[in-house]
Structures are given as C-alpha cells and as structure tokens.
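Undergrad: Sequence and predicted structure are below.
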Amino acid sequence: DSDDVTFRCNLVTLSDEPNYADKTMVDYSSDEISTEDAHVLMQAIAEELNTEELKFYGGTSYRHLLVYHKGSVRCTLTPPHDISDRKVGEFLPKGDNSDVLLSVMERSHEILKNHPLNLERMKKGLHPANSLWIWGQGSRPELENFNQKFGLKAGVIAAVDLIKGIAKTAGMKVYEVEGATGGIETNFSGKAQACVKALLEDDMDYIYLHIESPDECGHKGDLAAKIHSIETIDREVVGYIVNALKEAKMDFRLLVTPDHPTPIAIKTHARDPIPFFIYDSTNETDSHISCYCEKEANQTGVMIEKGYTLMNKLLNR
C-alpha cells in the first residue's frame, strides 16, 4: 500500500548480557546464515510477531523485511554493519514508533535465543541468529520506467532483495540465479552466464549485474576474502562476459564500477570517489592505465561529479 513503510531487518548475533541495551553487535550477518535456515527463523518470528500493522517477510541470507502499515519514516535507525563489536545501547531506535521497533527487536531475541535451529548452529560452532535488527526505513519510491527513459530493454541480475526491488519498481526484468547469495560463496559464474544468456538469447539491450561479495568482505574486515572476491569477478565474471560476447561477434559497451568503497580498516562505507571503467568493443583505445584501481583512475584526471550521469557516458549520449 502507498501508506506502508518498509524496514530492512537483519538476523544478527548479539552477545548474551541480560539487558538488551548492554549487548554487543557480535556479527551483523550471523555467519552469513543460509537462506534456508533464515526462513525457518523468520517463520517463527512471523508466527509470533505478525499483527494487522506489522508483517515480516523472509529474504536472502540474513537480509529480511518488515512492512509497517501506516508506519513512519521519521525515525533514526543504525545499520548493524556500522556497529560491529560495539555496544548497541546508543544505537537503538529513536523517533516515531521507536518504542514499537525496539519492542520487536527485544521480543525477537526472546523468540530466537533458544530456538532449536540456533542451538544446533552453536553446537556446530556457528553464530546464532539471535535477534532481528531493524533499520533502513523507506516508503515506496516513484521511479521512472528504465526501459522508457533510456529506450532499452533492460534486466537485472542480483542476489540482494534491495536491488531486485529497485529493478521491479523501475520496470526492469529480474533474473533469478541459483546459488546467488550476496556473500563470498555466491555463484559468480552462474551470474555471468545468466548475463550472457540474457543478452544473446533474450535480446536484452542492457543488463545490470550486481555482486555484493567485496562489500560483504569489507564489512567483515576480511582482506583475503575481499581480494579473492575481486579476483573472481575479474576472471569469472568480467573476463567471461567479454570473451563470450566477442565470440558471439556482438558489439557491446561494458561499465565496471562499485557503488561505494567499504574499506577493510573501518568495516563500513566511505564517501571517497570510486573508480569506473568503460570498455567499447567497437573503439578499443589505450588508456595507458596498467590496472583498475583508485590510484590509477585518479591519475586520468577524469572525474564525474554526479553518479547518475554515468549512464549517459556508458551509452555515449
């Protein structure tokens, strides 16, 4: 409904102090809980906490959804990945309906802490998904239809429900890829193959392919996994797509870019400029750049101030 407000709600691992405000954010992803396990827990949450106003929906891995009928966006909520290893007390909900949201979080802990699935996870040495953490409020956006705006038949390949939701709102086709998780174990090559298939067999003009893995590794502070993710994207995604489209004798333009930095050192998003790379198969030029990185990109002197104008640069308009 137009007066619904949606909230992102993560299944997180909190420490076991008796008072909720004294707990520490041990793990914002509950060891990247599987979607299958998460849905068991979200079902338990829905059975206990669904009301006329509040409805819970299972998503992917640790990322889920709360829809608050006639809720408010005027509240201050903190992303759980911004407070890793910190006490949660000063980051609890503030503003409109904060009492309801905090009550949901506290009650979710009571439901989940001794859930059989969590007891089983702890036996295996995994973090229990012992609380919901609510954040990221928003009402339904009014987006222009992407296909009409750019005159392109467009699709999206992503594991993250947020990206799929934006795509659907913009009238883009959403492709589902088996094994796409949004984490380090995601199906990199399956996503790349789906992209090529969409372009060659579905006659799509444009595919937005989103991979969350390097961002996840940044939030976890895992340097080795982040390097592995980027190398895998280079080899199994970008390399595969370029070679496949060249073999098919297809002219194409390719844009590679992150949406923001997530430095290992701070485990959260930064506002620094990001490197982008555009390749045109019909106009190969030597940019004198030896690698794709912030340092080399900075030396080009090319700077795009407004991110939304990058699309026109890709389309050469």
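TA: Yep, it's here.
Undergrad: so where does the closest residue to residue 83 other than its chain neighbours fall, helix or strand?
TA: Leaving aside its sequence neighbours, residue 83 sits nearest to residue 25 (C-beta to C-beta, 6 or more residues apart in numbering; 4.8 Å). Where C-beta positions appear, they are placed from N, C-alpha and C, glycine not excepted. Here residue 25 sits within strand 25-27, counting by DSSP states H and E.
Undergrad: now what about stretch 143-157, what contacts it?
TA: The contact list for stretch 143-157 (C-beta atoms under 8 Å, 6 or more residues apart in numbering) reads 163-164, 166-167, 169-175, 177, 180, 191, 194-195, 198, 202-210, 311, 315.
Undergrad: can you confirm residue 11 is in a strand?
TA: Yes - judged by DSSP: H, G, I helix; E, B strand; the rest coil, residue 11 forms part of a strand.
Undergrad: thinking again about what came up before, beta partners of the residue nearest to residue 83?
TA: residue 14 (DSSP bridges).
Undergrad: In contact with it, which residues?
TA: Residue 25 neighbours (C-beta under 8 Å, 6+ apart): 12-14, 80, 83-86, 88, 133.
Undergrad: Next up, phi/psi of residue 103, please.
TA: Phi and psi for residue 103, reported as degrees, to the nearest 10, are phi -60, psi -40.
Undergrad: typed the wrong thing, it's residue 126
TA: phi -100, psi 150.
Undergrad: Contact partners for it?
TA: 30-31.
Undergrad: Tally up the residues packed near the residue lying closest to residue 294 once chain neighbours are set aside, please.
TA: Once flanking residues are discounted, residue 294 sits nearest to residue 275: 5.3 Å by C-beta to C-beta, 6+ apart. If you count neighbours by other C-beta atoms under 10 Å, residue 275 ends up with 18.
Undergrad: which SS state does residue 275 fall under?
TA: Classified using three-state DSSP, residue 275 is coil.
Undergrad: can I assume it is in contact with residue 297?
TA: Yes - assessed by C-beta atoms under 8 Å, residue 275 is found in contact with residue 297 at 3.6 Å.
Undergrad: Just the C-alphas of stretch 226-238, formatted as CSV.
TA: C-alpha atoms of stretch 226-238 as CSV (Å, rounded to 0.1, in the frame of the first residue of the first chain):
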residue,chain,number,x,y,z
LYS,A,226,37.9,-9.4,-0.4
ILE,A,227,40.9,-10.0,-2.7
HIS,A,228,39.6,-13.4,-3.6
SER,A,229,36.2,-11.9,-4.5
ILE,A,230,37.7,-9.2,-6.7
GLU,A,231,39.9,-11.6,-8.5
THR,A,232,37.0,-14.0,-9.1
ILE,A,233,34.9,-11.2,-10.5
ASP,A,234,37.8,-10.2,-12.8
ARG,A,235,38.2,-13.8,-14.0
GLU,A,236,34.8,-15.5,-13.9
VAL,A,237,32.5,-12.5,-14.5
VAL,A,238,34.1,-9.6,-16.4
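Undergrad: Go through the contacts of residue 25 and say which is closest to residue 101.
TA: residue 133 (10.1 Å; C-beta to C-beta).
Undergrad: now the closest one, what's its secondary structure?
TA: strand.
Undergrad: State the distance from it to residue 309.
TA: 35 Å (C-beta to C-beta, to the nearest Å).
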